[in-house]
Every structure is written in C-alpha cells, then in structure tokens.
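Asker: the following comprises the amino acid sequence and a computationally predicted model.
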There are 2 protein chains.
Amino acid sequence: MIPDDAIGALGAMLGERLSTGKSDLALHGRSETWHAEMPPDAVCYPRDTEEVSRIVALCARYGVPVIGWGTGTALEGHASAPRGGLTVDFREMAAVLEVRAEDMLVRVQPGCTRGALNTELRATGLMFPVDPGADASLGGMAMTRASGTTAVRYGTMRDQVRALEVVLPDGRVIRTGTLAAKSSAGYDLTGLFVGSEGTLGLVTELTLKLHGQPEAVSAAVCAFPSTEAAIETVILATQMGLRPARIEFVDAATAAILNAHDGGRFEEAPHLLLEFHGSDAAVAEEAERFGDLAAEAGAGGYRWATQAEERTALWTMRHRAYHTILASRPGSTAVVTDVCVPISRMGDAIERARAEIAASPIPGPILGHVGDGNYHAILLVDRGDPAELAAAKRLSDGMVAHALELGGTATGEHGVGLGKLHFMEREHGAAWDVMGAIKRAIDPEGIMNPGKLVRQN
Amino acid sequence: MIPDDAIGALGAMLGERLSTGKSDLALHGRSETWHAEMPPDAVCYPRDTEEVSRIVALCARYGVPVIGWGTGTALEGHASAPRGGLTVDFREMAAVLEVRAEDMLVRVQPGCTRGALNTELRATGLMFPVDPGADASLGGMAMTRASGTTAVRYGTMRDQVRALEVVLPDGRVIRTGTLAAKSSAGYDLTGLFVGSEGTLGLVTELTLKLHGQPEAVSAAVCAFPSTEAAIETVILATQMGLRPARIEFVDAATAAILNAHDGGRFEEAPHLLLEFHGSDAAVAEEAERFGDLAAEAGAGGYRWATQAEERTALWTMRHRAYHTILASRPGSTAVVTDVCVPISRMGDAIERARAEIAASPIPGPILGHVGDGNYHAILLVDRGDPAELAAAKRLSDGMVAHALELGGTATGEHGVGLGKLHFMEREHGAAWDVMGAIKRAIDPEGIMNPGKLVRQN
Ligand SMILES: Cc1cc2nc3c(=O)[nH]c(=O)nc-3n(C[C@H](O)[C@H](O)[C@H](O)COP(=O)(O)OP(=O)(O)OC[C@H]3O[C@@H](n4cnc5c(N)ncnc54)[C@H](O)[C@@H]3O)c2cc1C
Ligand SMILES: Cc1cc2nc3c(=O)[nH]c(=O)nc-3n(C[C@H](O)[C@H](O)[C@H](O)COP(=O)(O)OP(=O)(O)OC[C@H]3O[C@@H](n4cnc5c(N)ncnc54)[C@H](O)[C@@H]3O)c2cc1C
C-alpha cells in the first residue's frame, strides 16, 4: 500500500503519468512464464532523470517499494511487485541521445529497445549486437545482464555497458564509468549495477559499446547424429579460434515442433544453427573450417543461407521458438531453465536433462546458446495443474543441481528474480552474504525491488 | 605497529615464513616510481588459503593492517604500508593448479606470474594474453585491473578473470563466479574484486580465461607525419573491424631515446608498432588493410617483421622502454601518467600534453596503448629535487583534468594506489561515496590495504 499522502504528492508531480487503473496495474504485475500475477499499487511514467530522482526520494521518505520496468519480458517474475509499491515504467524515456561513431559508443535512455536502437543505427554502419529473443529495453537488459544468440562472439550486457547514470535509493544521481575503453579508477560500479535487477537503484541512462555492421554474413544449419557430436564440434571450433556470431543448438524435440508448427524443414535430430560475421574472406574461411569439423563429427545436410531472406527466415524461426513451443501445447505455460555449464561438460549435461525430461510426463524441448554452455529446457505445464508445475520445478531443480556440481550456474542470462532465488545460497555460499551486505550498504531501507535477488528477512 | 601478542601468534603459526628483517621490510615498502618508501612492520609468506584465512582473522582481531603483495611492480605505491601492518607476500603461493583445455580455463594461485603461466602453457596450444610490461603476478594484475599492449584485442583483467577465491577481512573464504562462460546469478562480485587493489580482501586463487596461441603472427612498424595521422589510422582501422593484437604508439621523443639508448632504428617521428594474430589468411588480410590505411594517412616505412626474432626484438624494446627512458636521465625517477580518453579525442589530447611537456623543464616522452585510448607520459624528475617533482605533478594533474573533461579516466590500467587518490572525487563525484559505502560494508574495520582507493577519514 502506498500512503495517500505519497499518492497525492506523486499525482501532483506526474499528473496523468501516474496511474492506478486496474488494467495498468495488472499489466505491470504479469510475467511471461508461470509466475502468479503480483501487481504494484501504482505505475508511473517519468520523462527525465530529475523526475525519477524526485520520485525515488519521495518513495524513500514513505518507505514505498520502487520497481523498475522496461518491457516486462524478463522470465522469472523480476519486475513483479510481491510487496506492492510503485512501478516506474521507462517507456517515455526511450530516446537515443547521442551516437559517437568514432568512439563506437551510443548514449540511450533505458526504455529504448534494442530493436529501436538498431533501426536508428542502420545508416551509421554500426550495430548493437546483444540479442535476447524479445525486443527488450536496454535498461531491462542491463539489469538482467542479458545475452542471447550473439554473446558467443560479442559478449553479454556485462561487456557492452560502458557507463551508467543511476538514481540511488535515496534519490541521489550518480554516473558510473567513463567514455574511455578501460579504467582502473576504483571499484567497477558499472559492473556491479549491471545484473542487479533494479535492487540497487534505477538506471536512467546507458552508454553502450557499438560494433561495426559486418561486411559479410553467412548462416548455416546442420544435423548431427547425437548431442555429443554437436557439442564436440562446438568445442573444437572454439579451440581453433573460430568466432561464429551465433552457435545455437536445438534438440530433436524442438526440431519436430518447428516442423509441425512453424513450417520448419529439419531432420528430427539435434541441430546447430550458425552465423558467421566478418570480411568476405574471413567469413568464407571460418564457415569452411566449421563445415569440415561438422563433417568429421558425422553431421549431415550442412545447408548454407547466404541470402539475406533465408537467413532472416532461419533466425525468425529461432526467435519465435519459445512462443512456437508454448503454442504446441495449447493452454500451457512454461518453466524455463537457464543453466550454463563449462562447455566441456555440456554434452553430458544436456543428455542427462533430456533423459530426465523423457522419463517425466512433461514435454520439454531443449535449445540454447551452446557456444557459451547455456541452454534452456522449455518445460510445458498445464496452466491449471499444480502437480505438473511441481513436476516441472523438480526437473528444473535437478538440472540446476547438476549444473552446480559441474561448476556451472543456475542462470546464464535470465537472472534471479523470484524464480531462481532459492538457488542463490547453494550457488554462492558465503558470497551470497557479501551480496546482502552490498545491498544493505546501498539500499539500507530495502525499497528497491524488494523480494528479489538477495536473502529475504 | 603490530602488538607483540599478534607477532607472537603469527610467528607460532608461520615460523621462518614471518619476517621482520630490515631489508625485507624495506623491500616491501618500495615503489617502482617516485613514491617514498613506506615499509610494513612485518612480512609473511603463506602457503595456502587456510593459512591466509588464519592470518587475516588474527589481524582482524588485533586491528592490524593487511597488505597483499604480488611482485611489487604496481606504479602508484599500491602495496606500500603507509600505516604499517603486515604485508602478505604471495610468492610461495605461485602454482598453476589446473589447466582445463577444453574449457580454455586455468586455475592459478595469486603469486604465479604471467610469464610462469605462459611457460607452463606452452605445450598446450593455449596462452594467457594480458601483458603489462612487467612480469607481474596474476593476483596483483587482477587487483589493479591491469591490461597492457594486448588489451585492444583480448581485453583487460576485467575480461579474463572468470572466478576468484577471496579471503574476506574477517577471515571468511568465499568463491565468486563459476566455470561457466557467463552468469546472471546476482551481483558480479568477481568484477567487484577485480580492480579493488586489495582493499576488500586477499585473493587466494584465480580462474582465468585462456586463448588459443595464434596460428600466425606478424608485426609491423610505421612512422607517421603527425600524431593525429597515427591516431586517425587507429580509429579507421577499429571502425573497419580490424583487430590487431597490439597497437602501440611511441612519440618522436621516445623514438629518439630508443635510438640513442637501446639500438633502435626509428625515424624521429611518431610511430605505431603493430602485431596481428589469427589464421595465415586473416593475418595477411588484416595487415594489408592496415597498411593501406597507414599509407593513405601518409605513413612511411611500413616495415614487416614476420620472423619471430625480429618481432621479439621489437617487443623487447617496447617492454624495456620504461627502463630505457629512466636510464636516459641518470639519477632520475618518474611520475608516470596513465590517462585513458575516448579514442576520438586522443590525437588532440596527446598533442596538448606534448606541448605542455615541451613548455616545461621536464623531459616526458609519451607512449601507450592507443587502440584503447590509453597512453603514458614518463615524466623524468631528478630524484632529489622537490621542485621538479612538483612540476611533474602539475603536468600530470593537467593531463588528468583534460582527460576528465573529455569523458576519460585518470587511470586506464595502473590503478589508484596512493598516487591517483586525489583524482577520485573529481572523476567519480557521488559515485565515490558509493565505493566508500561498499568498502565499509565489506571491511568495516578498514584493515585491508588502508590509505588506498576510497575516501580517507
Ligand atoms: C521469448 C523470450 C525469449 C527470451 N530470450 C532471452 C535470451 O535469449 N537471452 C536473455 O538474456 N533473455 C531472454 N529473455 C528474457 C528477457 O528478454 C530479458 O531478461 C530482458 O533483459 C528483459 O528486458 P525488459 O526490458 O523486458 O526488462 P523487464 O522485464 O522490464 O525488467 C527486468 C528487470 O530489470 C528491472 N528494470 C527494468 N528497467 C530498469 C531500469 N531502468 N532501472 C532499474 N531496473 C530496471 C526490473 O525491475 C526487473 O527486475 C527472453 C524473453 C522472452 C519473452
Ligand atoms: C616497467 C613497467 C611497465 C608496466 N606496464 C604496465 C602496463 O602496460 N599495463 C599495466 O596494467 N600495468 C603496467 N605496469 C604496472 C604493474 O605491472 C601492474 O600494476 C601489475 O598489475 C602489478 O602486479 P604485481 O604483481 O606487481 O602487484 P603488486 O604491485 O604486488 O600489488 C598491486 C596491488 O594489488 C594488491 N595485491 C597484490 N596481490 C594481491 C592478492 N593476492 N590479494 C589481494 N591484493 C593483492 C597489492 O596490495 C597492491 O594494492 C608496469 C609496471 C612496470 C614496472
């Protein structure tokens, strides 16, 4: 509950840009996955940093929880409001502020989406590479340390965020990082805020690294006799120094669903989907070397897609895969796993997960960013069936336990939110207490996105 | 002063591996640059993590300052003991613990040097690329967020450290990070400890990323008509997506000193020194493209060094440059600047610095890692002359002030230590207070490397 005084003050400040309408609240309490709806008490739409600072200072005064909101595509209930409070939706702070072409940097507001940014950049010869399936906001992506299909070559949000402007939990505004390519001037606050899921402050501006649009692009698809053969090829390619821009794995179950529901023409076998970026010569060389490795591993049907349309069709299908898989079981919702393991152990880990899913009553196609050791099982459960949800969570817990045994992590890119909170102690041990100490140091009243990421008391 | 009880307890624990010998103390209070000697009260040489944990817990009980020590090559008095205390020298914890070739990872103890690691890796086809001039320890390099000549392609220590084991200021041992290539499981503690200069805890183990030894390597040297022409070439090459492994700049003054004192055969002009890594075809293509750009910028004498011996000679000369420059003025010591600026402004910034140095009585050749916008003026001052030292500091302060105006940083790779402390407030503003809050949260008694990095009270 937000005290009436506070609502009054916020209303006076924001006018129609403060909303307590039912549908607005419901929308901002919803998750893309199995999480229950947890709406805030109010939603606001600030227009600049100064306004955000005044909003947060006011919430601090009244002890009102503050939850940031980009596009709401995070998968673990990250932006829900389990303790009510005020959701700060950044859709009116979505501008591209400055492109510094020579420095290959861009300054954006947090509500700008990666799609909008790349549209704006098209004529400059530059691009922003991080690509989670969804057209997420750059603020949200920084906050979950997002990555996706292209991280294997370009890195994750950890690698792309050069500097931030942040409104602290008491309303102070700080800037972290600089425009320089590197710095040793003290603690890496930029890195600390990236991945903090809105629990340490609200991001009001980001300076991001850009990359040249590749001179040449080519894509390929190939079917493998086994998961191990596919993964072994990925490991060898990495050791040889090949740097595909994308190496996506889809298992036989995913291939079958894409065939049945999205016009795919895959063999029912594990596949790798690849993309290469570079000069004409470099792309040709890398693709040929990769093709040789795949052939040695027994891969068949190495198909090329050098035409832009074919490539677009391929990656559109890949990007739609989550929704296609959901639609393959009408009325279902999903528990999405996100483990990331050392790549030497990935073949085993995927096979074990596949076997456990096969032995369960739950469909769970597996796909992922295998160049990084990161993959997802989309565990499809009947929306109304608590037994299925429990079974899916057991499968997910088993995959995480195994990943941790192998030296991996519970979440490679989706983040903690509510859904991965119960793994944090197991993954981090005493280091989780250090995270708690940092949280208390920066947000002593615990108003920023409460209920998430750190130990709850 | 360390209380007698504490010395007694440490002696009982460590025997001969605790030292209070004068020369040992002096050695551990010395800096490579102009900083005065500030010795600790005792030095110890632990053998394992458990011992480090007991040492730190004991120091915590007695409030004794604890200073980590790798090889003591940091340039800003980082490892000196302005408040006395116990220096923990990691030379007996210098093992390579495990090479995970398929994961391209290595686990090392903090005292292992980058040279020793690369010797150990030689037969594996892998290498550790970060290369500050000195053969520094990997623990020390992580703590200063070191980089050097190869960061332009491979990144800095921020990019290479996958996981850490850390002894906290109360003696607890934590592990940060995992063996997975990426993670979104909470705050990036690995990134927070990297660059923390031993002010948050002692690092007792590091897991580092490795890279394949390049199939082909070639190097080149070319002279430019002006600094701007050299920098413009670097900017264009970066925008084209070329990825040299090294792009080093030396100004005309440096070239002259290398000619006079180390057998160099340079024109007296600004130069770029380059190295390319990759497949045979990729190296040939990149080098040719770079050569074209350099020629268009009016560069002359693009000389190739494809033979390993020529390359070694070139980079040995570059690595020795600091000591060669020092030796060019007998009896001198140095104030070494380390600004890093957005690369679009680097030409201007270097020219301005060159002009200011020329107008001063102090010799100050400039060289640096221009692919990252990072360069050093080696301001040579007479060891006994306070007026020269003051003049050099004024020049250095001016370069930093200008770099900050341009959106850069006071230190690109050397770190804060004592020598850059007075710039921190100006560079970070209120964000420096956040660093202070983190320091207090993790080290409430302030025993870890006191006097460095955060605001002193
Ligand atoms: C179909 C589908 C596929 C996906 N695939 C991927 C994938 O491949 N890789 C991947 O990494 N993710 C993937 N995701 C997850 C999601 O897209 C990412 O987590 C994304 O980063 C969320 O961005 P958002 O703008 O939607 O953030 P939101 O969901 O709005 O918010 C995410 C978190 O950040 C906080 N927040 C948002 N903005 C701010 C701000 N300005 N200041 C402070 N805190 C803020 C929120 O409170 C919340 O905790 C996928 C999602 C879907 C639906
Ligand atoms: C000729 C020369 C050239 C150089 N060129 C470069 C360059 O190009 N790029 C660059 O980045 N640097 C350069 N340096 C600086 C120096 O080599 C780096 O700063 C290096 O990272 C220091 O490593 P070290 O092992 O000597 O650390 P030390 O000097 O021993 O310590 C550095 C800091 O880390 C702390 N520390 C050390 N070990 C630990 C540990 N295990 N746990 C916690 N804290 C610890 C110390 O207390 C201190 O604060 C150069 C130095 C010289 C002398």
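Answerer: Arrived safely. Ligands and ions are numbered 1, 2, ... in the order given.
Asker: contacts, neighbours, all on C-alpha from now
Answerer: Will do.
Asker: neighbours of residue A:20, how many?
Answerer: 15 (other CA atoms under 10 Å in any protein chain shown).
Asker: what's the closest non-adjacent residue to it?
Answerer: In this structure, residue A:20 finds its nearest non-sequential neighbour in residue A:42, 4.7 Å apart by CA to CA, 6 or more residues apart in numbering or on different chains.
Asker: residue of the stretch 301-450 of chain A closest to chain B, please.
Answerer: At 4.0 Å from chain B, residue A:412 is the closest residue in the stretch 301-450 of chain A, using CA to the nearest CA.
Asker: my read: that residue touches residue A:374, true?
Answerer: Yes: counting by CA atoms under 8 Å, residue A:412 touches residue A:374, with 6.0 Å between them.
Asker: can you list residues touching both of the two?
Answerer: Contact criterion CA atoms under 8 Å, 6 or more residues apart in numbering or on different chains; residues shared by residue A:412 and residue A:374: A:338-340.
Asker: run through who's touching the helix or strand of chain A with the lowest mean pLDDT.
Answerer: Here the helix or strand of chain A ranked lowest by mean pLDDT, DSSP states H and E is strand A:300-305, holding a mean of 77. Outside strand A:300-305, the residues that touch it by CA under 8 Å, 6+ apart are A:218-224, A:291, A:311.
Asker: rerun that using 6 Å as the cut-off
Answerer: A:219-223, A:311 (CA atoms under 6 Å, 6 or more residues apart in numbering or on different chains).
Asker: where does residue A:196 land on pLDDT?
Answerer: Per-residue pLDDT puts residue A:196 at 98.
Asker: equivalent analysis for residue A:455, please.
Answerer: 93.
Asker: helices of the stretch 201-350 of chain A, start to end?
Answerer: Ranges of helices in the stretch 201-350 of chain A, per DSSP state H, counting those that start in this stretch, are A:227-239, A:252-262, A:280-296, A:308-327, A:346-358.
Asker: pick the most deeply packed of the ones you listed.
Answerer: Mean neighbour count, computed with mean count of other CA atoms under 10 Å in any protein chain shown, is highest for helix A:227-239 among these, reaching a mean of 21.
Asker: can you map out the strands along the stretch 351-457 of chain A?
Answerer: Secondary structure of the stretch 351-457 of chain A (DSSP state E, counting those that start in this stretch): strands at A:366-369, A:374-382.
Asker: ok so, going back, looking at the shared contacts of residue A:412 and residue A:374, state which has the most neighbours.
Answerer: Taking other CA under 10 Å as the neighbour criterion, residue A:340 ranks highest of the shared contacts of residue A:412 and residue A:374 with 34 neighbours.
Asker: how far off centre is stretch A:121-135?
Answerer: Centroid separation for stretch A:121-135 versus its chain: 15 Å, with CA atoms, centre = their mean, to the nearest Å.
Asker: ok, the residue in the stretch 201-350 of chain A positioned nearest to ligand 2 - contacts?
Answerer: Of the residues in the stretch 201-350 of chain A, the one nearest ligand 2 is residue A:209, at a distance of 21.7 Å by CA to the nearest ligand atom. Residue A:209 sits next to A:105, A:160 when contact means CA under 6 Å, 6+ apart.
Asker: find the closest residue to ligand 2 in chain A.
Answerer: Closest point on chain A to ligand 2, by CA to the nearest ligand atom, is residue A:184, at 8.5 Å.
Asker: ok, now how distant is that residue from ligand 1?
Answerer: Using CA to the nearest ligand atom, to the nearest Å, we find residue A:184 at a distance of 25 Å from ligand 1.
Asker: looks like that residue contacts residue B:416 (just checking).
Answerer: No: contact criterion CA atoms under 6 Å: residue A:184 and residue B:416 do not qualify, at 7.1 Å.
Asker: let me have the strands of the stretch 351-457 of chain A in a markdown table, extended by mean pLDDT, distance to residue B:194 and mean neighbour count.
Answerer: Formatted as a markdown table, the strands of the stretch 351-457 of chain A follow (pLDDT from 0 to 100; distance: least, CA to CA, whole Å; neighbours: other CA atoms under 10 Å in any protein chain shown):
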| stretch | mean pLDDT | distance to residue B:194 | mean neighbour count |
| --- | --- | --- | --- |
| strand A:366-369 | 97 | 27 | 24 |
| strand A:374-382 | 97 | 24 | 25 |
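Asker: possible to save the ones you listed as CSV with distance to residue B:453?
Answerer: Shown next, in CSV, are those (distance: least, CA to CA, whole Å):
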stretch, distance to residue B:453
strand A:366-369, 39
strand A:374-382, 36
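Asker: just so I know, which of those lies nearest residue A:9?
Answerer: Closest of the strands of the stretch 351-457 of chain A to residue A:9 is strand A:374-382, at 43.6 Å (criterion: CA to CA).
Asker: taking the stretch 101-250 of chain A, what residue is nearest to chain B?
Answerer: Nearest residue of the stretch 101-250 of chain A to chain B (CA to the nearest CA) works out as residue A:183 at 4.0 Å.
Asker: what values do phi and psi take at the residue nearest to that residue when sequence neighbours are not counted?
Answerer: Leaving out its chain neighbours, the residue that sits closest to residue A:183 by CA to CA, 6+ apart is residue B:412, at 4.0 Å. Here is the backbone geometry of residue B:412 (degrees, to the nearest 10): phi -80, psi -30.
Asker: show the pLDDT at the residue of the stretch 201-350 of chain A closest to ligand 2.
Answerer: For residue A:209, the model assigns a pLDDT of 98.
Asker: what about the helices in the stretch 51-200 of chain A?
Answerer: Counting by DSSP H, counting those that start in this stretch, one finds helices in the stretch 51-200 of chain A at the ranges A:114-121, A:138-144, A:151-154, A:157-160, A:189-193.
Asker: of all those, which lies closest to residue A:91?
Answerer: helix A:138-144 (10.5 Å).
Asker: pull up the gap between residue A:143 and ligand 1, please.
Answerer: For residue A:143 relative to ligand 1 (CA to the nearest ligand atom), the value is 5 Å.
Asker: shouldn't that residue be in contact with residue A:199?
Answerer: No: using CA under 6 Å, residue A:143 makes no contact with residue A:199, being 9.1 Å away.
Asker: just give me the neighbour total for residue A:73.
Answerer: Using other CA under 10 Å, residue A:73 is surrounded by 23 other residues.
Asker: now do it against residue A:349, distance only.
Answerer: Distance, residue A:73 to residue A:349, by CA to CA, to the nearest Å: 27 Å.
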